[in-house]
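>>> Next input, structure requested:
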Amino acid sequence: MTTLEVDGQVENSSCEYNYKKNAVLGKDEHTTVLSKDVGTLHYDELWPVCQDGDFNETDAKTREFLKRVFHILLDHISFQNDRGNKILDFHSPDQLKGVIDFAIPEEPLNLDQLLVDCKDALKYQVKTGHPRFFNQLSCGLDLVSLAGEWLTATANTNMFTYEIAPVFILMEHECLKKMREILGWDGGDSILAPGGSISNMYALMIARHKLFPQHKKYGMRAIKGQLIMYTSQHHHYSIKGGASAIGLGTENCVQVACDDRGRMIPERLEELVIKHKKEGHLPFFVNCTTGTTVYGAFDPIEKIADICEKHGIWLHIDAAWGGGLLMSSRYRHTVFEGIHRADSVTWNPHKLMGTLLQCSTLHVKESGLLISCNQMSADYLFQTDKCYDVTYDTGDKVIQCGRHNDIFKFWLQWRSKGMLGFEKQINRLMDLTAYQVKRMKEHPDRFYIIVDEPECTNVCFWYIPERLRNEKRDKWWQSELGIVTAKIKGQMMKKGTMMISYQPLGELPNFFRSIISNQAQTEVDIDFMLDELHQLGNDL
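So this is what the prediction gives:
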């Protein structure tokens, strides 16, 4: 047992190594006494900068500093899981600049100030793990995934070669293979990317490369005609952004009409494809969204796949949000019927599955396309005569060089839950969504649900204040509700008890979109949300 004495207090630490350099902990005991409080020290008295002092003393200082940081993190976790605490203490930008010193100093600050900085950052940050945070697709705080993220930061390695990340590369290989099996593919290839927007852009690049491999060398002059891509009116903006980024142009990202539930209309898609072919253009890519950002709508995969197959078009499925439903047998064979026919799929575990940010995956059905599209064969990284199977080197599959380790937190989380645990989690979130809709329908005078049978955990609605409950439900009425929505959100932010996002969409003015993706949420939180909306908005 190692004994650490700090400021006269003795603590026992059951750690694997003692403070004797390179010595495995045995039965002997010894004490390292720190002559000064850790808070008065500076960075250069800790690892790794301090290399010329006493090993035991430097190690003790380092451990004590990190222990204090760790307690700040634990306090934050406890705080945001207490429903009696606020989600945020709202300050305007100018006010926040007044309470936190954001300046970069000339001279080093001591560790006490750094600990204060850590506390302040969490104090004034939005508590996204709070059970009453309904604001974003990515929320909650899965503790096993958090533990994985802490270990990831400690390992601090890059993911471009097996040479420097052997354990994590094999974890990535295993998880991505399992995800492709869930998609219904026998082979294929996958990669983790920094967010769904980049995953979607990779899909565009790979689709173009598949049809026009000479583009990689010669650019757009290698393509004799205008490439056209298609996506629904309710697509994620990254689809259009990807068209701009790869040089296709946003004008050639054609938006296809949706039905009143936000799903692409396949007949309108085929009409556009035929029209553009007659005009001499080159339709090459269709984005099928399964879980739109606002409505949570699922485009009909089978019908869209039929059109793509008929016209020789690459089918990409953006399941960044809705992909979590693939973990449940209840939904896998309904809204995702036909996903095995896709050429590529984006799927973000950091959304509905609750993995910590960020964790986004791209899957490609055809093996070899990822590396064929992006390979640059940098000799200083990707030598072909290494002492191991170099197909495990992933860096040449993407346009990035450095790639963050986003796999360990996901792998550890998946191990903790297994397939059954994830299925239970997803079913619970969907059941809570159904509960919310049921409760709202019990008060039709207060709530107007825009999509009355959500396909995901998105619930889109207006709160109706008393003055508008007996008015004619026309454009003016909707416009007034849009104004009320923004006012309620402002009051909500200042009160700090919960958060729900809002937005306009098409001809609809502002409306609320609540999201349930936090494993901490229960029926109690749904009831609180509805009661709080009534208190905030009834008299507006």
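
>>> Ends of stretch 153-163, what's the gap?
This stretch, stretch 153-163, spans 18 Å end to end (Cα to Cα, to the nearest Å).

>>> List the buried residues of it.
By 16 or more other Cβ atoms under 10 Å, the buried positions in stretch 153-163 come out as 157-163. All C-beta atoms are positioned from the backbone trio N, CA, C, and that covers glycine.

>>> What of stretch 81-93?
Neighbour-count burial for stretch 81-93, counted by 16+ other Cβ under 10 Å, picks out 86-88, 90.

>>> out of the buried residues of stretch 153-163, which one sits closest to residue 425?
When these are ranked by distance to residue 425 (Cβ to Cβ), residue 159 comes first, at 26.6 Å.

>>> just checking, the closest one touches residue 166?
No. Using Cβ atoms under 8 Å as the test, residue 159 is too far from residue 166 to be in contact (11.0 Å).

>>> Got the phi and psi for the residue nearest to residue 375 when sequence neighbours are not counted?
Using Cβ to Cβ, 6 or more residues apart in numbering and skipping residues adjacent in sequence, the residue nearest residue 375 is residue 396, 4.4 Å away. In terms of degrees, to the nearest 10, the main-chain angles of residue 396 are phi -80, psi 0.

>>> for the one 3 residues further on, same thing?
The phi and psi values for residue 399, taken as degrees, to the nearest 10, are phi -80, psi -20.

>>> Relative to residue 249, how far out is the closest residue to residue 155 other than its chain neighbours?
Nearest residue to residue 155 in three dimensions, chain neighbours excluded: residue 405, at 6.9 Å (Cβ to Cβ, 6+ apart). Per Cβ to Cβ, to the nearest Å, residue 405 is found 35 Å from residue 249.

>>> cool, residue 395 as well?
Residue 395 sits 30 Å away from residue 249, going by Cβ to Cβ.

>>> Between those two, tell me which one has more neighbours.
Using other Cβ atoms under 10 Å as the criterion, residue 395 and residue 249 rank with residue 395 on top: 21 against 12.

>>> excluding its backbone neighbours, what's nearest that one?
Once flanking residues are discounted, residue 395 sits nearest to residue 160: 2.8 Å by Cβ to Cβ, 6+ apart.

>>> just residue 331 next, same as before
residue 325 (4.0 Å).

>>> quick one, what contacts residue 499?
Applying Cβ atoms under 8 Å, 6 or more residues apart in numbering to residue 499 gives the contacts 87-88, 126, 132-135, 492-493.

>>> for stretch 528-539, what is the average pLDDT?
What stretch 528-539 shows for mean pLDDT is 98.

>>> Quick one: residues in contact with it.
With Cβ under 8 Å, 6+ apart as the test, stretch 528-539 has contacts from 83, 132, 134, 436, 439-440, 443, 446-447, 463, 465-466, 484, 487-488, 491-492, 495, 497-498, 500, 512, 514.

>>> rewinding a little: from the contacts of residue 499, which land in strands?
Mapping the contacts of residue 499 onto strands (DSSP state E) picks out 133-134.

>>> pLDDT and distance to residue 204 for the contacts of residue 499 - can I get that in a markdown table?
As requested, the contacts of residue 499 are arranged in a markdown table below (pLDDT from 0 to 100; distance: Cβ to Cβ, whole Å):
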| residue | pLDDT | distance to residue 204 |
| --- | --- | --- |
| 87 | 97 | 37 |
| 88 | 96 | 37 |
| 126 | 98 | 32 |
| 132 | 98 | 38 |
| 133 | 98 | 33 |
| 134 | 98 | 32 |
| 135 | 97 | 29 |
| 492 | 97 | 38 |
| 493 | 97 | 36 |
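
>>> and the contacts of residue 499 as JSON lines, adding distance to residue 212?
What follows is the contacts of residue 499, written out as JSON lines (distance: Cβ to Cβ, whole Å):
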{"residue": "87", "distance to residue 212": "49"}
{"residue": "88", "distance to residue 212": "49"}
{"residue": "126", "distance to residue 212": "45"}
{"residue": "132", "distance to residue 212": "50"}
{"residue": "133", "distance to residue 212": "45"}
{"residue": "134", "distance to residue 212": "44"}
{"residue": "135", "distance to residue 212": "42"}
{"residue": "492", "distance to residue 212": "50"}
{"residue": "493", "distance to residue 212": "49"}
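
>>> What is the nearest of the contacts of residue 499 to residue 363?
Closest to residue 363 out of the contacts of residue 499 is residue 135 (28.5 Å), distances taken as Cβ to Cβ.

>>> What sits closest to the residue positioned nearest the centre of the chain if chain neighbours are left out?
Residue closest to the mean C-alpha point of the chain, counted by Cα atoms, centre = their mean, is residue 350 at 3.7 Å. Leaving aside its chain neighbours, residue 350 sits nearest to residue 359 (4.2 Å; criterion: Cβ to Cβ, 6+ apart).

>>> dump the residue contacts of that neighbour.
Applying Cβ under 8 Å, 6+ apart to residue 359 gives the contacts 192, 348-350, 406-407, 409-410.

>>> Mark which of those are part of helices, please.
409-410 (DSSP state H).

>>> Now that we have the contacts of residue 359, which of them are buried?
Buried members of the contacts of residue 359, counted by 16+ other Cβ under 10 Å: 192, 348-350, 406-407, 409-410.

>>> now, which of those sits nearest residue 507?
Of all these, residue 507 sits closest to residue 348, with 29.2 Å by Cβ to Cβ.

>>> Next one: the closest one relative to residue 519, how far apart?
Between residue 348 and residue 519 the computed distance is 16 Å (Cβ to Cβ).

>>> How about residue 383?
The value you get for residue 383 to residue 519, if Cβ to Cβ is used, is 44 Å.

>>> Looking at those two now, which is surrounded by more residues?
residue 519 (18 against 13).

>>> Return the distance of that one relative to residue 113.
For residue 519 relative to residue 113 (Cβ to Cβ), the value is 35 Å.

>>> got it, and residue 358?
29 Å.

>>> higher neighbour count, the two?
With neighbours defined as other Cβ under 10 Å, residue 358 and residue 113 compare such that residue 358 has more, 18 against 14.
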